[in-house]
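J.: Sharing a model that was predicted from the sequence below.
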Amino acid sequence: MNASANTGALAGIRVIDLSRILGGPYCGQILGDHGADVLKIEPPQGDDTRAWGPPFVDVDGQPVASYYLGLNRNKRGARLDLASGQGRAVLLDLLEGADVLIENFKTGAMEKWGIGYDRLSVRFPRLIHCRVSGFGADGPLGGLAGYDAAVQAMAGIMSVNGQAEGEPLRVGLPIVDLVTGLNAALGVLLALHERARSGKGQFIEASLYDSALSLLHPHAANWFLDGREPRPTGNAHPNIYPYDAFPTRSEPVFLAVGNDRQFNLLCVHLGQPALARDERYASAGARSVNRAALRAQLLALLAEQDGPALAQALMDIGVPCAPVLPVSAALRHPHTTHREMVVRIGANYTGVASPVKLSRTPATYRLEPPLRPMPLAHRPD
């Protein structure tokens, strides 16, 4: 693809990204991948994630962490001190031509500086102001700072993650920050769509706490219905079985059997068609209730199977199954290459591509992350 030809769905949309860390920058990267002109403005000391390593890349004698690189492509870069009157004046000048403002300052900071939404909306009535926050602006926790793992803990995610009977466990990636960034980007797109009709911008807030609660399916739905406290189930699904990881004589596999037809196909492939007719396992509900006995039978049947070969054979006949791969193998997988999910920009940047595939206006990868943002004393060209 010709990276210089920006024909993305958001071409012509100008975004000022004042955010740091993860949720806000991830939102800005999503918009940038799909054609928006994103100007990332960092504070004088830089985005905190520049120091979140190793690994690091050396930039003029200063280390810049991979964490920062993974969230900030397709952005131009600048630095600006918004605590100063001059810095705020430059920002207001930038906003004259902007469609979207993204920020994740502590609640009240923008208002203290005189550039909160109440004032910005008067001067820039078409501006879409997107705030990523920890807990929102009000309520018992309003205005408090939020970090992914702490919100995982408070929102119940850790309580359902980990081995059965084990201690609560953090999900091994910043899932709350990432889904908050997705929700922020979704909110921006909804507001842009509505602005085309009304001509007016609006304020959007995507909080880590709200986003974390939104991830609790099916545990929240289960609790609403029967009142039983959800518990961790290891790799197993709380409602479906066999939906679990199993060892083989080589690599482990994950079986994701969601209906009776798939279970019957699995049993036939393993040479035990009668298992699918056993009343303990003949329906999805029965399999879930009798999962311990079913797991014991499947462990014996899978013990001499080759994991990757079994996974491919089952997928070929319509039974969802996958080898359990490390990150490196997943990123090198032939299907990852086929789906163009690894992107390179220039000689030094490699990252995970946009998962959103549009037929006429696909994502483009035009700019490496801004490693050397310049101090702003006036609006850049």
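T.: Done, it's in.

J.: ok, residue 261 - how many residues close by?
T.: 12 (other CB atoms under 10 Å). C-beta: built from backbone N, CA, C; applies to glycine.

J.: in the stretch 251-381 of the chain, which spans are strands?
T.: 253-256, 321-323, 342-345, 349-352, 374-375 (DSSP state E, counting those that start in this stretch).

J.: where does residue 231 land in three-state SS?
T.: Taking DSSP: H, G, I helix; E, B strand; the rest coil as the rule, one finds residue 231 in the coil state.

J.: For beta bridges, what are the partners of residue 15?
T.: Using DSSP bridges, the beta-bridge partners of residue 15 come out as residue 38, residue 100.

J.: Between the strands of the stretch 251-381 of the chain, which one is closest to residue 187.
T.: Ranking the strands of the stretch 251-381 of the chain by proximity to residue 187 (CB to CB) places strand 349-352 first, at 22.5 Å.

J.: list the buried ones in that closest one?
T.: 349, 351 (16 or more other CB atoms under 10 Å).

J.: Average pLDDT for that strand, rounded please.
T.: Mean pLDDT, strand 349-352: 98.

J.: Equivalent analysis for stretch 214-229, please.
T.: 97.

J.: re earlier: can you put the strands of the stretch 251-381 of the chain in a markdown table and add distance to residue 140?
T.: A markdown table is the format used below for these (distance: least, CB to CB, whole Å):
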| stretch | distance to residue 140 |
| --- | --- |
| strand 253-256 | 39 |
| strand 321-323 | 42 |
| strand 342-345 | 42 |
| strand 349-352 | 37 |
| strand 374-375 | 40 |
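
J.: What is the neighbour count of the residue nearest to residue 304 when sequence neighbours are not counted?
T.: Nearest non-adjacent residue to residue 304, counting by CB to CB, 6 or more residues apart in numbering: residue 249, 5.4 Å away. Residues contacting residue 249 under the criterion other CB under 10 Å number 11.

J.: same deal with residue 221?
T.: 12.

J.: tell me the contacts of residue 361?
T.: 7-9, 11, 34-35 (CB atoms under 8 Å, 6 or more residues apart in numbering).

J.: change it to 7 Å
T.: Residues near residue 361 by CB atoms under 7 Å, 6 or more residues apart in numbering: 7-9.

J.: Tabulate those residues (a markdown table), appending pLDDT.
T.: Formatted as a markdown table, the contacts of residue 361 follow (pLDDT from 0 to 100):
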| residue | pLDDT |
| --- | --- |
| 7 | 80 |
| 8 | 95 |
| 9 | 97 |
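
J.: count of neighbours near the nearest residue in space to residue 270 that is not next to it in sequence?
T.: Using CB to CB, 6+ apart and skipping residues adjacent in sequence, the residue nearest residue 270 is residue 301, 4.7 Å away. Around residue 301 there are 16 other residues, counting by other CB under 10 Å.

J.: same check, this time on the one 10 residues further on
T.: Neighbourhood size, residue 311 [other CB under 10 Å]: 24.

J.: Residue 268 is in contact with the residue nearest to residue 270, correct?
T.: No: at 11.9 Å, residue 301 does not count as touching residue 268 under the criterion of CB atoms under 7 Å.

J.: Name the nearest residue to the residue lying farthest from the centre of the chain, ignoring sequence neighbours.
T.: Going by CA atoms, centre = their mean, the residue of the chain most distant from its centre is residue 274, 42.2 Å out. Once flanking residues are discounted, residue 274 sits nearest to residue 267: 7.6 Å by CB to CB, 6+ apart.

J.: got the contact list for that neighbour?
T.: Residue 267 touches 273, 275-276, counting by CB under 7 Å, 6+ apart.

J.: Let's have those in JSON lines, adding distance to residue 179 and pLDDT.
T.: Shown next, in JSON lines, are those (distance: CB to CB, whole Å; pLDDT from 0 to 100):
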{"residue": "273", "distance to residue 179": "41", "pLDDT": "97"}
{"residue": "275", "distance to residue 179": "38", "pLDDT": "97"}
{"residue": "276", "distance to residue 179": "37", "pLDDT": "96"}
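
J.: Now a ChimeraX select for only the buried ones of these.
T.: Typed into ChimeraX, the next command selects the buried ones out of these (criterion: 16+ other CB under 10 Å):
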select :275,276
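
J.: any idea which of the contacts of residue 267 is closest to residue 113?
T.: Out of those, the member with the shortest distance to residue 113 (by CB to CB) is residue 276, at 65.5 Å.

J.: Against residue 319, how distant is that closest one?
T.: Taking CB to CB, to the nearest Å as the measure, residue 276 falls 12 Å from residue 319.

J.: likewise residue 110?
T.: Taking CB to CB, one finds residue 110 at 52 Å from residue 319.
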